[in-house]
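A.B. asks: Curious how this folds, go ahead:
(chains A, B, C and D)
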There are 2 protein chains.
Amino acid sequence: MTMPSKSKVYEEVLKEIRRYIEFEGLSPGDKLPSERELAEQLNAGRSSVREALRAMELLGLIETRRGEGTFLSSYRPYHMVEILSAFILQESKTRENLKATKQIIEKEAAKIAMEQLETKDFEEFKKLIQSFEKGSETFHYDFFTVLFEAGENQLLQKIWRLMEEFSRTFHKPVYNIELYKSYIEALKEKNEQKIEELSSQFYDEENVEIS
Amino acid sequence: MTMPSKSKVYEEVLKEIRRYIEFEGLSPGDKLPSERELAEQLNAGRSSVREALRAMELLGLIETRRGEGTFLSSYRPYHMVEILSAFILQESKTRENLKATKQIIEKEAAKIAMEQLETKDFEEFKKLIQSFEKGSETFHYDFFTVLFEAGENQLLQKIWRLMEEFSRTFHKPVYNIELYKSYIEALKEKNEQKIEELSSQFYDEENVEIS
DNA sequence: GTAGGTTAGTGGTCAGACCACTTTTGTAAC
DNA sequence: GTTACAAAAGTGGTCTGACCACTAACCTAC
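C.D. replies: Below is the predicted model of the structure:
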C-alpha cells in the first residue's frame, strides 16, 4: 500500500475499495473481489483489508457471506445504528435533535410527494391502512416510504431512513391510525397547511419511551 | 470467545467492550485496556479485537494513539461521516437531490433560528456582510453557520455541513450579496413566507458549474 | 441425465513475528 | 539529590501463514 504520509493502511484500503466500486460501476448486490485478492492487488496484508471490510460492514455498506464472498449491499446501517445508539443517544438533546430533524424531513417529503402522488400510491396507502395491526413496528416507516418513492429524492430518503432506524432504538411507536387517515386526506387535497400540522402531531405525545 | 450461536467474534468483542466501559464507568478521555490484554481477557485473537476497535474508531467512539493506547473519545463521528457521505452521496448523486435537500435544510434552519436570533447574531451578520469579498468561497457557509448555531440542532447542522462540502466539489458559488441582505431582513421581520421564497432563490441560477 | 461425493474458493479466526512510537525505568554523571 | 540520557517495556500498526467452516462448482459413477 502506498502510504500518503501517515494514514493507516485500512483507511487507504477503504478509499481504494470505494474507488474500485465507482470505477467498476458496481451496484448493490454485486460482488467484490475476495479478501485475499484485494490484499494482493492493494499490496496490503489480509488483516488490514479485513479491518476495512469489517468497518464497512458495520456501516452497512457491504454484506459478507461466509463461503461465498463480499457483496455490496443496499444501504442498511443496521449494525452501526445498534452500536452507536447505545453510546450516543443518552443525551436527551440528541434525541430532541433527532425528533425535530425527522419531523422536518417527513414534512418536506410529503410536500414534495404531494404533487407527484398517483392513484396507485393512494391504493398503496389504502392497503397499508387495511393491513394495519396494532403491534406493527414498521407502519410509519412503510407509510412514509411510499411518500419518498413518489418524491424521488433518494438522498433525503436515505437520511430519513437512517434517522428512522435510530429513533426506533429508543422510541416505541404507538400509532394513531386516524392521524394517518387524515394525513392521506391532506395529501389528496394538496393541503400544505394541514400537512404541516399533522406532521408535527406524529411526535406530539404518542411515542412512549422504551425503558 | 464464548459464541452465542453464530455471531462473529468481533461483534461479541464489541458488545463486551461496551459492557466493560459501562461497568467501569469510563468517560471520554479514559484509557481502555491494550489490544493484547483485551484479547487475552476476552479469550479472542488480537486480530478480532482489532476489527472491533477499528470499527469503533470509524464510528468515532474511540481514539487510538500509537505507542500510547486506546482512549474513549467524546463522540465525534468524523470518520464515519466522511466515509458514509462518500458512499451515500456517490450513489444518489443526482445534483438535483442534493440541491433540493440542502435548500430544505437551510430553509428549516432559518425558520428554527428565527425565534432564537439575538442582537449579537445580527451583528455577526453585519460583520459578514461588511467583510464580504467577491471571491469568497465560504460566505454562504459562514452565513448559515450563524443561523445553525442559534438554532441548536447540531444534527441538522451536521447533515447540512456535509452537503455543503460536497456540493462545493461541483458548484462554484457566485454570491448575490443583496439576496443575503434581504434574507437578514426577513429574519428580523420573522417573515416565514419571505424566508421560504428567498431560500429557494439561492439556488435559482446563481450557481455556475465547475467544468 | 442425475445423484452424490470431491475439490477449490471464500470468509472467520488465531498465533506469532516485526516495526514505529511513547512511556517508564534504570543508571551514570553532576 | 538532581539531572540527563540510554535502555527496556509497553502499545498500536502491519504482515504472514496456518487452520476451520461453509459454499459452489466440478467430476465421477451409476
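
A.B. asks: Chain A against DNA strand D: which residues are in contact?
C.D. replies: Taking C-beta under 7 Å from any atom of the strand as the contact definition, chain A meets DNA strand D at A:1, A:8-10, A:39, A:43-48, A:51, A:65-68. Yep, even glycine has a C-beta here, placed from its N, CA and C like the rest.

A.B. asks: out of those, which are buried?
C.D. replies: With neighbours counted by 16 or more other C-beta atoms under 10 Å in any protein chain shown, these contain buried members at A:Met1, A:Lys8, A:Val9, A:Tyr10, A:Ala39, A:Ala44, A:Arg46, A:Ser48, A:Glu51.

A.B. asks: Closest one to A:Glu137 out of those residues, please.
C.D. replies: For A:Glu137, the nearest member of these is A:Glu51. The distance, counting by C-beta to C-beta, is 33.4 Å.

A.B. asks: so what pLDDT did the closest one get?
C.D. replies: In this model, A:Glu51 is scored at 91, pLDDT.

A.B. asks: OK, contacts around it?
C.D. replies: By C-beta atoms under 8 Å, 6 or more residues apart in numbering or on different chains, A:Glu51 lies in contact with A:Tyr10, A:Val13, B:Arg50, B:Glu51, B:Arg54.

A.B. asks: Please, which helix or strand holds the residue nearest the centre of chain A?
C.D. replies: Centroid check for chain A by C-alpha atoms, centre = their mean gives A:Arg161 as the closest residue, at 2.9 Å. With secondary structure defined by DSSP states H and E, A:Arg161 is part of helix A:154-168.

A.B. asks: Okay, buried residues for that helix please.
C.D. replies: By 16+ other C-beta under 10 Å, the buried positions in helix A:154-168 come out as A:154-168.

A.B. asks: Where in chain A is the helix or strand with the lowest mean pLDDT?
C.D. replies: Ranking every helix and strand in chain A by mean pLDDT, DSSP states H and E puts strand A:208-209 at the bottom, with a mean of 48.

A.B. asks: Tell me the helix or strand right after the strand or helix carrying A:Lys120.
C.D. replies: A:Lys120 is part of helix A:119-130, with elements assigned from DSSP H and E. Of the helices and strands lying after helix A:119-130 in sequence (DSSP H and E), the nearest is helix A:139-151.

A.B. asks: That following helix near chain B at all?
C.D. replies: No. Contact between helix A:139-151 and chain B, assessed by C-beta under 8 Å from any C-beta of the partner chain, is absent, since the two come no nearer than 9.4 Å.

A.B. asks: name the helices or strands packed onto that helix?
C.D. replies: helix A:92-114, helix A:119-130, helix A:154-168, helix A:177-189 (3 or more C-beta pairs under 8 Å, 6 or more residues apart in numbering or on different chains; DSSP states H and E).

A.B. asks: With only the CA atoms kept, save the longest one in CSV.
C.D. replies: The one in question is helix A:92-114. Listed in CSV are the C-alpha atoms of helix A:92-114, where the atom choice follows Å, rounded to 0.1, in the frame of the first residue of the first chain:
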residue,chain,number,x,y,z
SER,A,92,-31.6,14.0,25.6
LYS,A,93,-30.5,16.8,23.3
THR,A,94,-29.5,14.3,20.7
ARG,A,95,-32.9,12.8,20.9
GLU,A,96,-34.6,16.1,20.6
ASN,A,97,-32.5,16.9,17.6
LEU,A,98,-33.3,13.6,16.0
LYS,A,99,-37.0,14.0,16.5
ALA,A,100,-37.1,17.5,15.2
THR,A,101,-35.0,16.7,12.2
LYS,A,102,-37.0,13.7,11.3
GLN,A,103,-40.1,15.7,11.5
ILE,A,104,-38.8,18.3,9.2
ILE,A,105,-37.8,15.7,6.7
GLU,A,106,-41.1,14.0,6.7
LYS,A,107,-43.0,17.2,6.3
GLU,A,108,-40.9,18.2,3.4
ALA,A,109,-41.1,14.8,1.8
ALA,A,110,-44.8,14.9,2.0
LYS,A,111,-44.9,18.3,0.4
ILE,A,112,-42.7,17.2,-2.4
ALA,A,113,-44.6,14.0,-2.9
MET,A,114,-47.9,15.7,-2.9
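
A.B. asks: Fine by me, thanks again.
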